[in-house]
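Novice: Fold the following for me, if possible:
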Amino acid sequence: MVGVSKSSNEAERVTLNVDLRKEREKGTFDVDELTYLIDGGKKKTEERRELVEFFIKDPVFREGVPMEYLSHAERYEEAVRKSCLMFRKINDWMDYKKTGGSVDLYQALLGGMLGSAILKDGTPFALHYVMFLPMIMGQGTLEQQAYWIGRAWNCSIMGTYAQTELGHGTFIRGLETTAHYDPESEEFVLNSPSITAYKWWPGGLGHTANYAIVMAQLYTKDVCHGIHPFIVQLRDEETHMPMKGIKIGEIGCKLGMNGVNNGFLGFENVRIPRSQMLMKNSQVLKDGTYVRSLSDKLTYGTMIFVRVAIVKGVSACNLAKAVTIATRYSAVRHQSELVPGQGEPIILEYKTQQYKLIPNIAQCLGMMFTSTWLWDMYNAVTSELEQGDLERLPELHAMACCLKAVCSSDATRGIEECRKACGGHGYMSSSNLPITYGLATAAETYEGENTVLLLQTARYLLKSYSMAKGGAPMPPTTSYLADGNPSRLPWSNTTSSLLKAYREVARALVSETSEKVEQLVAAGTIPELAANQYSIQLAQCAEAHCRLFLVEKFWETVKNSKVSQPLKKMLTHLFHLYAVYYLLKQLGLFLMYSNVKVSDVSSLEEWQDSLLSAIRPNAVSIVDSFDICDEILSSPLGAYDGDVYRRLFDEAMKSPLNQKPVDASFEKYLKPFLKSNM
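Specialist: Numbering: from 1, shown residues only. Got it, this is the predicted structure:
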């Protein structure tokens, strides 16, 4: 039994699809055992299932007309309605459990699983919890926290986080919004000096939030002190009308996340009290004297938190949904004749279909296991920061950057593979694959564009390589850079060879690119231009570093997990497939820098084929272990019972065009046109 993987709204209406039942019977391991491993234990699984049931069963969240048939304005109104209901429901949950709100609770309701069942296209409340509150907690003084968190936590005000501008995104130092301090009135005066200075993209900014944390260039005594955070009231708390000098609105339709209410914001001589600059780290005294923070690195915290959350809550979750839908559909859909005269097999029997899906199943697990390590490190480093210890912050920042970039890119590519693996039916909105793709690909850009993040990690790698050459102690994630010249033993299809090959590729890329940059600098090129000259290779270094980390954490989890032998065997196959799959995808690099030779490629391809065959009987069981209920999957192709075709037909009948036998356009346009041609 797989928890709430069946519809939790009703008992199964039909018998399980016979092919899907056969696939489940082929499984060689206990599905719940893998679920417990993913969740971090049986207790956590039970808690998650209870949370899902509590929210999913509430009929107030059920849709009348499917979201895709609503207008843009109607989508926003529905997102606000459901968001208000959901956060009232959170209070009911806390009363029921007699506990306060937890990070896990808000991650579940704002992430790609439970939250997506209630708010398919995102919530305009997200940044209130993900950025507004964490920024106050991380950057506000105790007095500021006492005042603002009380108001924000119970949602008597609604906040957002306004950093990105129309003309500047990832380059934070280039932001144009200004905040000049006026010592006579003890106020900051905010202005948008040009159209490119308008804040652009913040979620909830359009028509939802009435406050924002605004990142602006701080000026005191005619000196610019760089970017600092300010709490600014945007709308009247009673009428919701924009405050004086505030120019605000919504930016329009997007590829996805149209319930998030992304907005724009401009300032014209907007005055706020001195007390509304967040001053935990840097301060402005009454006379305008600026007191600098001990370290500018202390402002990293909130951005890192969001990037950490993206790896699991967005990338892994959305890919897990997509691969569950596509794998179950592939166990139901019959197509063509593999052997003439023997009937149409399920499409999961085709090797090409296995190649599309099973590596993405493995990839989900790799992301999930790695995200657990990243979350643990984030919590540890955050505690160290509170004690003034900044030593591990650069390492965490570098890992969060590259993992966010690589995992969001992998997930987006994987979801598109899953959509195509479902043929034409995957193109339908009702499959939930298009909207899942839209949610996943957005993460490739927000909270740091992926290429820029890879280059930030690469900068850290250049410094680390320089330290390694000097014999300095190395952080755990870059210790491989001090390995020296690797030995080139003959290749073998083993775990140790795979791990060694990934280390060799990462180290060689970093060392080779570092030497090239250093040579340019030695020849008189300034370091920034030298880095730009080799920025393609530097991004490649960061990706190789990240892939090595994903491979190592995947294997550590498999090796150290205390699970049954059948599950351990299957997890080992999945790890090997993940590592071999990306080795073959980046074969040129492995031929150049590792002990893989051209003569080994055929053996590696055969290993990949054999791994696909070994995992294939467990494919449905593995996605069942992701334990995603029908309401979260929200797809007729991926329902637990496999009743694909009836569900597809039911979804088609929800179209407004099917509510009447003849549409009004016939009399208005089509009939006159047809008659005119007679």
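
Novice: Report the secondary structure state of residue 619.
Specialist: helix (DSSP: H, G, I helix; E, B strand; the rest coil).

Novice: how about the helices in the stretch 501-650 of the chain?
Specialist: All helices of the stretch 501-650 of the chain, identified by DSSP state H, counting those that start in this stretch, fall at 527-533, 535-560, 565-585, 587-593, 598-615, 619-625, 630-633, 644-652.

Novice: Can you say which of those helices is nearest to residue 317?
Specialist: With distances scored as CB to CB, the stretch of the helices of the stretch 501-650 of the chain nearest to residue 317 is helix 630-633 (9.1 Å). C-beta coordinates here come from the backbone N, C-alpha and C atoms, glycine included.

Novice: where's the closest one relative to the chain centroid, distance-wise?
Specialist: 19 Å (CA atoms, centre = their mean, to the nearest Å).

Novice: For it, which helices and strands make contact with it?
Specialist: Judged by 3 or more CB pairs under 8 Å, 6 or more residues apart in numbering; DSSP states H and E, the packing partners of helix 630-633 are helix 42-56, helix 114-118, helix 317-330.

Novice: Against which helices or strands is the longest one packed?
Specialist: Secondary-structure packing of helix 42-56 (3+ CB pairs under 8 Å, 6+ apart): helix 31-39, helix 72-97, helix 103-110, helix 114-118, helix 630-633.

Novice: wait, which of those is closest to residue 384?
Specialist: Of all the helices and strands packed on helix 42-56, helix 103-110 sits nearest to residue 384, with 18.0 Å by CB to CB.

Novice: Can you list the neighbours in contact with that closest one?
Specialist: Residues outside helix 103-110 that contact it (CB atoms under 8 Å, 6 or more residues apart in numbering): 48, 51, 55, 86, 90, 93, 114-115, 118, 123, 126, 129-130, 309, 313.

Novice: Show me where the chain has its strands.
Specialist: Shown for the chain, the strands assigned by DSSP state E span residues 159-162, 178-182, 187-191, 199-200, 211-220, 223-233, 246-250, 263-267, 270-273, 283-284, 290-291.

Novice: So for residue 256, which of the helices of the stretch 501-650 of the chain sits nearest?
Specialist: helix 630-633 (16.9 Å).

Novice: Report the inter-axis angle for the lowest-mean-pLDDT helix or strand in the chain versus helix 42-56.
Specialist: Sorting the helices and strands of the chain by mean pLDDT, DSSP states H and E puts helix 103-110 at the bottom, at a mean of 76. Here helix 103-110 points in a direction 40 degrees away from that of helix 42-56 (axes from the mean of the first three to the mean of the last three CA atoms, to 10 degrees).

Novice: how far does helix 103-110 sit from the chain's center?
Specialist: 14 Å.

Novice: Start at 11, not 1
Specialist: That works, and once the first residue is 11, the last one we named lands at helix 113-120.

Novice: I'd like the distance between residue 432 and residue 359.
Specialist: 16 Å (CB to CB, to the nearest Å).

Novice: higher neighbour count, these two?
Specialist: residue 432 (24 against 15; other CB atoms under 10 Å).

Novice: Can you check what pLDDT the model gives the more buried one?
Specialist: Predicted confidence (pLDDT) for residue 432: 98.

Novice: Look up how far residue 65 lies from it.
Specialist: For residue 432, the distance to residue 65 - CB to CB - is 27 Å.

Novice: ditto for residue 161
Specialist: Going from residue 161 to residue 65 by CB to CB gives 25 Å.

Novice: quick one: which of these two has more around it?
Specialist: Neighbour totals were compared for residue 161 and residue 65, and residue 65 leads with 21 against 14 (other CB under 10 Å).

Novice: shaky segments in the stretch 161-310 of the chain?
Specialist: The stretch 161-310 of the chain contains residues with pLDDT under 70 at 304-310.

Novice: does residue 234 really touch residue 226, like I thought?
Specialist: No: using CB atoms under 8 Å, residue 234 is not in contact with residue 226; the gap is 10.6 Å.

Novice: I'd like the helices of the stretch 511-660 of the chain as JSON lines, with distance to residue 166, mean neighbour count and mean pLDDT appended.
Specialist: As requested, those are arranged in JSON lines below (distance: least, CB to CB, whole Å; neighbours: other CB atoms under 10 Å; pLDDT from 0 to 100):
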{"stretch": "helix 537-543", "distance to residue 166": "47", "mean neighbour count": "14", "mean pLDDT": "95"}
{"stretch": "helix 545-570", "distance to residue 166": "41", "mean neighbour count": "21", "mean pLDDT": "98"}
{"stretch": "helix 575-595", "distance to residue 166": "47", "mean neighbour count": "20", "mean pLDDT": "98"}
{"stretch": "helix 597-603", "distance to residue 166": "54", "mean neighbour count": "16", "mean pLDDT": "97"}
{"stretch": "helix 608-625", "distance to residue 166": "52", "mean neighbour count": "16", "mean pLDDT": "98"}
{"stretch": "helix 629-635", "distance to residue 166": "42", "mean neighbour count": "25", "mean pLDDT": "98"}
{"stretch": "helix 640-643", "distance to residue 166": "31", "mean neighbour count": "24", "mean pLDDT": "94"}
{"stretch": "helix 654-662", "distance to residue 166": "40", "mean neighbour count": "15", "mean pLDDT": "96"}
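
Novice: Next, format the ones you listed as CSV and append distance to residue 302.
Specialist: Supplementary listing: the helices of the stretch 511-660 of the chain in CSV, determined by distance: least, CB to CB, whole Å:
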stretch, distance to residue 302
helix 537-543, 24
helix 545-570, 31
helix 575-595, 44
helix 597-603, 44
helix 608-625, 55
helix 629-635, 51
helix 640-643, 47
helix 654-662, 59
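
Novice: how about the nearest residue to residue 657, chain neighbours excluded?
Specialist: Closest residue to residue 657 apart from its sequence neighbours, by CB to CB, 6 or more residues apart in numbering: residue 646 at 3.2 Å.

Novice: Same check on residue 322?
Specialist: Using CB to CB, 6+ apart, the closest residue to residue 322 is residue 381 (3.6 Å).

Novice: what's the neighbour count on that neighbour?
Specialist: By other CB under 10 Å, 22 other residues sit near residue 381.

Novice: residues contacting it?
Specialist: Contact partners of residue 381, counting by CB under 8 Å, 6+ apart, are 318, 321-322, 326, 413, 417.

Novice: coming back round to it: the helices and strands packed on helix 52-66: lowest mean pLDDT?
Specialist: helix 113-120 (a mean of 76).

Novice: Just the buried residues of that helix, please?
Specialist: Residues of helix 113-120 classed as buried: 115-120 (neighbour count, 16 or more other CB atoms under 10 Å).

Novice: what sits against residue 440?
Specialist: Applying CB under 8 Å, 6+ apart, one finds that residue 440 lies in contact with 76, 78, 645-646, 658, 661-662.

Novice: Export the helices and strands packed on helix 52-66 as JSON lines, with columns for distance to residue 612.
Specialist: Shown next, in JSON lines, are those (distance: least, CB to CB, whole Å):
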{"stretch": "helix 41-49", "distance to residue 612": "32"}
{"stretch": "helix 82-107", "distance to residue 612": "52"}
{"stretch": "helix 113-120", "distance to residue 612": "45"}
{"stretch": "helix 124-128", "distance to residue 612": "43"}
{"stretch": "helix 640-643", "distance to residue 612": "39"}
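
Novice: closest one to residue 408 among these?
Specialist: Nearest of the helices and strands packed on helix 52-66 (CB to CB): helix 113-120, 22.9 Å.

Novice: just to revisit the earlier point, the helices and strands packed on helix 52-66: which one's closest to residue 197?
Specialist: Taking CB to CB, helix 82-107 is the member of those nearest to residue 197, at 32.4 Å.

Novice: Figure out how far the closest one is from the centre of its chain.
Specialist: 22 Å.

Novice: Check which helices and strands that helix sits against.
Specialist: Looks like helix 82-107 contacts helix 52-66, helix 113-120, helix 124-128 (3+ CB pairs under 8 Å, 6+ apart).

Novice: JSON lines please, covering these and showing distance to residue 421.
Specialist: Listed next are the helices and strands packed on helix 82-107 as JSON lines, based on distance: least, CB to CB, whole Å:
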{"stretch": "helix 52-66", "distance to residue 421": "21"}
{"stretch": "helix 113-120", "distance to residue 421": "17"}
{"stretch": "helix 124-128", "distance to residue 421": "14"}
